[in-house]
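Visitor: Below is the sequence, then the predicted model.
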Amino acid sequence: MNVKVVTDSTCDLPASIIAQYDITEVPVYINMDGQSHLDGLDLTREEFYRRLPDLKTPATTSAPGPGAFAETYERLVAGGATGIISIHISPTLSNVLNAATLAAETIKTVPVVAFDGRQISLGTGFLVMAAARAAVEGRSLAEIVALLSEYVKRVYVVAALDTVEFLRRSGRMSGFQSGVASLLKIKPVLKMHDGVATSEKVRTSGRALNRLIETIAGLGPLDQLALVHTRAAEGAMALWEQTKQLFPHIANPISVDVTPVLGAHLGPGVVGFACVTAGSE
């Protein structure tokens, strides 16, 4: 089979990996100061985070319409695809998967599966890479879906926020709650696993970083590990320096700016990890 892999720009995969595995990425929309931009095309992550603190109204994001996905699928079919798997951010955080699902239903010539990655950022990205590698190996669409259904249980994203101000601005936290959190210097630690988002309230940045390391260490052996951040590359690398002795088999992990879909709510200064725990083989 010639299975093609589609995702959206929230997967946070570097352009080099997108090109290496011939992955098709559909950009999400970022709305700022009355203008709508395509993530990564006419608005870079660098520009987004540079402008974010000074916005008069909170940035918002929106999913591509079903038409954008249908056009993408039709183009891949015309290019010889015999099956398509379209892997996306958890539907609890975005409407992207719903748009992809509606588009998949319009394609009658080849099977198209819209897959709930149940993840965010490079958590989704790890799933996309696993699917792309399987496709290169010649796996069938059914085999790739089965592989991902197990793989998703091994993927985690955990990160510490530097501020709760952007949660307040986006309406995810009331002004009273954010005010109290700021006074108490609370640094929320967020975790995403298998479609479930959880959080811990930790006092001070140092304790939050220690909690990140404890969480990653507690997951056991890892097959993959990457750094995620919101315009905090130096902070992410400092976190890695404190962590790398735990995983001597992992060298030079990739480090990426988190998608604006999340960054609009989390703000700058976030640091964390995306990882895949070791398989049972």
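Guide: In hand now; what should we look at? Keep in mind the model is a prediction, meaning the values are calculated, not measured. Numbering: from 1, shown residues only.
Visitor: Quote the end-to-end distance of stretch 74-92.
Guide: End-to-end distance of stretch 74-92 (C-alpha to C-alpha, to the nearest Å): 27 Å.
Visitor: in it, what counts as buried?
Guide: In terms of neighbour count (16 or more other C-beta atoms under 10 Å), stretch 74-92 has its buried residues at Leu76, Val77, Ala81, Gly83, Ile84, Ile85, Ser86, Ile87, His88, Ile89, Ser90, Pro91. Quick note: C-beta positions are derived from backbone N, CA and C, even for glycine.
Visitor: Run through who's touching stretch 230-237.
Guide: Identification of contacts with stretch 230-237 by C-beta atoms under 8 Å, 6 or more residues apart in numbering yields 45-46, 49-50, 162, 227-229, 255, 257-258, 262-263, 266-272.
Visitor: Can you tell me which of the residues you listed are buried?
Guide: Neighbour-count burial (16+ other C-beta under 10 Å) applied to these gives 45, 49, 162, 227-229, 255, 257-258, 262-263, 266-272.
Visitor: Tell me which of the residues you listed fall in helices.
Guide: Judged by DSSP state H, the subset of the buried ones among the contacts of stretch 230-237 located in helices is Arg45, Tyr49, Leu262, Gly263, Leu266.
Visitor: Might one say that the last one is in contact with Leu161?
Guide: Read it as Leu266. Yes. Leu266 lies in contact with Leu161 (C-beta atoms under 8 Å); the separation is 5.8 Å.
Visitor: Adding pLDDT as columns, could you present the ones in helices among the buried ones among the contacts of stretch 230-237 in TSV?
Guide: Below are these laid out as TSV (pLDDT from 0 to 100):
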residue	pLDDT
Arg45	90
Tyr49	91
Leu262	89
Gly263	91
Leu266	88
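Visitor: Going by distance to Thr7, which of those wins?
Guide: Thr7 lies nearest to Leu262 out of these, by C-beta to C-beta, at 15.4 Å.
Visitor: Identify the residue spatially nearest to the closest one, adjacent ones excluded.
Guide: Leaving out its chain neighbours, the residue that sits closest to Leu262 by C-beta to C-beta, 6 or more residues apart in numbering is Ile120, at 6.1 Å.
Visitor: and that neighbour, how many neighbours does it have?
Guide: The tally of other residues near Ile120 (other C-beta atoms under 10 Å) stands at 28.
Visitor: what's near enough to touch it?
Guide: Contacts of Ile120 were listed using C-beta under 8 Å, 6+ apart, and they are Thr10, Ile89, Ser90, Leu93, Val157, Met192, Thr259, Leu262.
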